[in-house]
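Visitor: Need the 3D shape of this:
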Amino acid sequence: MSPDEFERACLTNNKKLSDAFNGDLKSYQTKHKPVLPRPSTIYDKKFHFMEETLKEREQRRRIRRENKLKAERQQLLDKEEIKASE
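Guide: Residues are numbered from 1 along each chain as shown. Next up is the predicted model:
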């Protein structure tokens with residue numbers, strides 16, 4: 001099957017595809033305007049393949065970064081105190 005034959009077969013077998021392309025795959029004129037969900041919906045949604053929401057994940061990462069920075073600052077302060085006491 002050649003590419004042109006494949007295009008014609010797809011257009012004849014699929015009504016929605018035929019309507020979207022008006023019978024010619026090279027002239028794309030679709031009537032369908034997809035509506036994207038609001039970002040808040042995506043970030044707060046609990047997906048079946050994720051253990052936590054995206055918002056919860058970002059909060060956990062932020063807390064972990066803050067704790068790491070605090071620990072590094074404390075280590076620097078401890079080193080400075082040791083140097084000052086010597």
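
Visitor: what's the longest helix seen in the chain packed up against?
Guide: Within the chain, and with DSSP state H defining each element, the longest helix by residue count is helix 54-85. Judged by 3 or more CB pairs under 8 Å, 6 or more residues apart in numbering; DSSP states H and E, the packing partners of helix 54-85 are helix 39-44. Heads up, the C-betas are built off the backbone N, CA and C, glycines and all.

Visitor: before we move on, the earlier item: give the buried residues for the longest helix of the chain.
Guide: Residues of helix 54-85 classed as buried by neighbour count (16 or more other CB atoms under 10 Å): none.

Visitor: roughly how far is it from the heart of the chain?
Guide: Between the centre of helix 54-85 and the centre of its chain there are 29 Å (CA atoms, centre = their mean, to the nearest Å).

Visitor: residue ranges with poor pLDDT in this protein?
Guide: For the chain, applying pLDDT under 70 flags the ranges 22-34.

Visitor: rerun that using 90 as the cut-off
Guide: Along the chain, segments meeting pLDDT under 90 span 1-55, 79-86.

Visitor: For residue 70, give its distance to residue 76.
Guide: Distance check for residue 70 against residue 76: by CB to CB, to the nearest Å, it reads 11 Å.

Visitor: Over to residue 83?
Guide: For residue 83, the distance to residue 76 (CB to CB) stands at 11 Å.

Visitor: tell me the contacts of residue 44?
Guide: Applying CB atoms under 8 Å, 6 or more residues apart in numbering to residue 44 gives the contacts 53-55.

Visitor: Could you do residue 3 as well?
Guide: Contacts of residue 3 (CB under 8 Å, 6+ apart): none.
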